[in-house]
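# Show me the folded form of this:
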Amino acid sequence: MVLICFIVCLVILALLIFDQSFSKAAVELMRLFVRFKPEIIHLAYQIASRLKPFNAVHVRRGDFINQYPMQNISSKSIIQTITKYIPPMTRLYISTDETSRSFFDDFSKHYKVVFLSNITSSLQRKISAESLACIEQVICSVADIFVGTRLSTFSGYITRLRGYRNAADKTVYFTDGYRIDDGIANHEDLFSWVPWIKSGNPLWGREYEEGLRL
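The predicted structure follows:
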């Protein structure tokens, strides 16, 4: 049974890679049916409309930096990175699991900083804790520019959402300075994950242009 499942997976993978019609159908299936509940999307868009125009950054810390010590980046370094991509004194939405707000004190010297807690307190409806993370991902997906945390699947899904909505800026920026522009970085005969893996990154560590192309 295990062998049969493995063979089926290989066949599906081969179809996804070599049969463009099958690949497009699979992407369309994921986009339409693997998604957040309508009420989450509606509320996230409602919040985003209050913020516009705005940019966003996802700063993942918590247990993540124990797993990946190289991502334990100082606030000063993060600011130095994002100021390369996001204009100073613009509105910056920060999505984070960092419990100490003092970590972001210096951000306010460069941007008009907003956290989800600043907004939800003014909403006349109760939001479940389970929905908050989903809402933040949708908000970040509609930002003009988004900078994520490398190797974070939370940031990765935001990239996917931005690809689905055909965001004007599709470049993948990370808080550690790593930057990906598939349209520039890759040759036409390479899949977008090849340079990424050759650089020593894990396959699961980001989303890929092929998975978003409709």
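# what's the spacing between the nearest residue to residue 167 once chain neighbours are set aside and residue 154?
Of all residues not flanking residue 167 in the chain, residue 141 sits nearest, at 7.3 Å (CB to CB, 6 or more residues apart in numbering). Backbone N, C-alpha and C define where each C-beta goes, glycine included. In this view, residue 141 and residue 154 are 12 Å apart by CB to CB, to the nearest Å.
# between the two, who's got more neighbours?
residue 141 (23 against 17; other CB atoms under 10 Å).
# That one contacts residue 162, correct?
Yes - Residue 141 lies in contact with residue 162 (CB atoms under 8 Å); the separation is 5.0 Å.
# if I look at residue 110, how far off is residue 178?
Taking CB to CB, one finds residue 110 at 21 Å from residue 178.
# oh, I was asking about residue 53
Relative to residue 178, residue 53 is positioned 25 Å away (CB to CB).
# before we move on, the earlier item: ok, the residue nearest to residue 167 - contacts?
Residue 141 is in contact with 158, 161-162, 165, 167, counting by CB atoms under 8 Å, 6 or more residues apart in numbering.
# of the residues you listed, buried ones?
Neighbour counting over the contacts of residue 141 (16 or more other CB atoms under 10 Å) leaves 158, 161-162, 167 as the buried ones.
# Closest to residue 37 out of those?
The closest of these to residue 37 turns out to be residue 161 (CB to CB; 14.4 Å).
# ok, and for stretch 145-162, which residues are buried?
Within stretch 145-162, the residues scored as buried using 16+ other CB under 10 Å are 145-152, 154-162.
# Domain ranges for the protein, per the record?
The record assigns the chain these domain ranges, following automatic domain parsing: 1-34, 36-211.
# Please report how far residue 210 lies from residue 93.
Between residue 210 and residue 93 the computed distance is 28 Å (CB to CB).
# out of those two, which sits in the busier spot?
Remark: of residue 210 and residue 93, residue 93 carries more neighbours, 26 against 14, as counted by other CB under 10 Å.
# Return the most buried member of the domains of the chain.
domain 36-211 (a mean of 16; mean count of other CB atoms under 10 Å).
# Need the distance between the two termini of that one.
End-to-end distance for domain 36-211, by CA to CA, to the nearest Å: 18 Å.
# And the next helix or strand past the one helix or strand in the chain whose mean pLDDT sits lowest?
In the chain, the helix or strand scored least confidently by mean pLDDT, DSSP states H and E is helix 182-185, which has a mean of 47. Sequence order places helix 193-198 as the next helix or strand after helix 182-185, per DSSP states H and E.
# Please, where are all the strands along the chain?
55-59, 91-96, 112-114, 146-148, 172-174, 179-180 (DSSP state E).
# I'd like the ones you listed laid out as JSON lines, including mean pLDDT and distance to residue 191.
Compiled in JSON lines, the strands of the chain are given as follows (pLDDT from 0 to 100; distance: least, CB to CB, whole Å):
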{"stretch": "strand 55-59", "mean pLDDT": "98", "distance to residue 191": "25"}
{"stretch": "strand 91-96", "mean pLDDT": "98", "distance to residue 191": "29"}
{"stretch": "strand 112-114", "mean pLDDT": "97", "distance to residue 191": "37"}
{"stretch": "strand 146-148", "mean pLDDT": "97", "distance to residue 191": "21"}
{"stretch": "strand 172-174", "mean pLDDT": "94", "distance to residue 191": "15"}
{"stretch": "strand 179-180", "mean pLDDT": "84", "distance to residue 191": "13"}
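# Alright, that wraps it up for me.
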